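Undergrad: okay, predicted coordinates and the sequence, questions at the end:
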Number of protein chains: 2
Amino acid sequence: MVLEIKPTQALRLWREVHLDLVRDTQPDLSVRQIAILLTIYLELPPHTVRGLAARLGVTKPVITRALDSMGKLGLVSRKRDEFDKRNVVIQRTVAGALAVEHLADLVTARARELGPA
Amino acid sequence: MVLEIKPTQALRLWREVHLDLVRDTQPDLSVRQIAILLTIYLELPPHTVRGLAARLGVTKPVITRALDSMGKLGLVSRKRDEFDKRNVVIQRTVAGALAVEHLADLVTARARELGPA
DNA sequence: CGATAATGATACGGCCCCGTAACGATCCGG
DNA sequence: CCGGATCGTTACGGGGCCGTATCATTATCG
């Protein structure tokens, strides 16, 4: 079940979805924020600041700040780990799950509209 | 030749490519900049500031500034229109074409790696 | 001509993000 | 019990992008 996609199709798909994202009223997320959000929602918990930083190859403050801003948007939440109080466990939210789902819809819809190469 | 892609696949594709982009040393482009860049390279010339602004649903300064920064990166260039000197014609560059090609490679490669839903 | 319209650029104030460096809190080993 | 390691956060200085409003330049039309 391999996904065969041609370079021209890939570019058009990328463009159409990005145009949709620009038109969306919601504030744009940065490339890093999108990578963080999708990692949280696609990989198995638990997620920590340090783990995400290592996973993405960025510094910890990047993760902290991204969680701050995405937290304000309600896309994720944080909770201290009760067993090791140094850790912070990142949790999913309903709004975050909806946003991820919305993105999936966008991509699949645009993919379906693509003509031949 | 419709591209059938399932929501789960779409999300994983989006995540993998964004992880690649974060790891890339090159400075991230914003969502708007990507939309502008791909529009310039996928749609037929000529492209103008006003035209792109209308196409993306953003204000003209957004386009001017994006062209400034992408110009510094060598991804696009500008030239005044000789027939109507109010207009600026946006031109493609070799570096820009390479960057777009690189993105296409990234997406197609990641798509090929996707397992079943 | 001269007035009006259109184009792209610029100034401004505000907000967000970056990486480095430092910090307080917590855990752990001797 | 205490010094070092680990965790996440914060402070700092620098840079970028945003939208609104304004500007200079050029074209158009009466």
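TA: Looks like it arrived, so ask away. Keep in mind the model is a prediction, meaning the values are calculated, not measured.
Undergrad: can you show me the CA trace of the helix or strand that contains residue A:66 as PDB?
TA: Here residue A:66 sits within helix A:60-72, counting by DSSP states H and E. What follows is helix A:60-72, C-alpha atoms only, in PDB (Å, rounded to 0.1, in the frame of the first residue of the first chain):
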ATOM      1  CA  LYS A  60      14.500  22.900  24.900                       C
ATOM      2  CA  PRO A  61      13.400  26.600  25.000                       C
ATOM      3  CA  VAL A  62      11.900  26.100  21.600                       C
ATOM      4  CA  ILE A  63       9.700  23.400  22.900                       C
ATOM      5  CA  THR A  64       8.700  25.400  26.000                       C
ATOM      6  CA  ARG A  65       7.800  28.400  24.000                       C
ATOM      7  CA  ALA A  66       5.900  26.400  21.500                       C
ATOM      8  CA  LEU A  67       3.900  24.800  24.300                       C
ATOM      9  CA  ASP A  68       3.200  28.200  25.700                       C
ATOM     10  CA  SER A  69       1.800  29.600  22.500                       C
ATOM     11  CA  MET A  70       0.000  26.400  21.500                       C
ATOM     12  CA  GLY A  71      -1.300  26.200  25.100                       C
ATOM     13  CA  LYS A  72      -2.900  29.600  24.700                       C
END
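Undergrad: let's verify residue A:84: helix, strand, or coil?
TA: coil (DSSP: H, G, I helix; E, B strand; the rest coil).
Undergrad: relative to helix A:60-72, how tilted is the next helix or strand after the helix holding residue A:66?
TA: The helix or strand immediately downstream of helix A:60-72 is strand A:76-80, counting by DSSP H and E. Between strand A:76-80 and helix A:60-72, the angle comes out at 120 degrees (axes from the mean of the first three to the mean of the last three CA atoms, to 10 degrees).
Undergrad: what about strand A:76-80, near DNA strand C?
TA: No - using CB under 7 Å from any atom of the strand, strand A:76-80 stays clear of DNA strand C, coming no nearer than 8.1 Å. In this view, the C-beta of every residue, glycine as well, is placed from N, C-alpha and C.
Undergrad: in that strand, what's buried?
TA: Buried residues in strand A:76-80, counting neighbours by 16 or more other CB atoms under 10 Å in any protein chain shown, are found at residue A:76.
Undergrad: which parts of chain A are strands?
TA: With strands called from DSSP state E, chain A shows them at A:76-80, A:88-92.
Undergrad: show me which residues of chain A sit near DNA strand D.
TA: Residues of chain A lying near DNA strand D by CB under 7 Å from any atom of the strand: A:48-51, A:60-61, A:63-65, A:67-68, A:78, A:86-88.
Undergrad: contacting residues for residue A:38?
TA: For residue A:38, the contact set (CB atoms under 8 Å, 6 or more residues apart in numbering or on different chains) comprises A:100, B:11, B:14-15, B:18.
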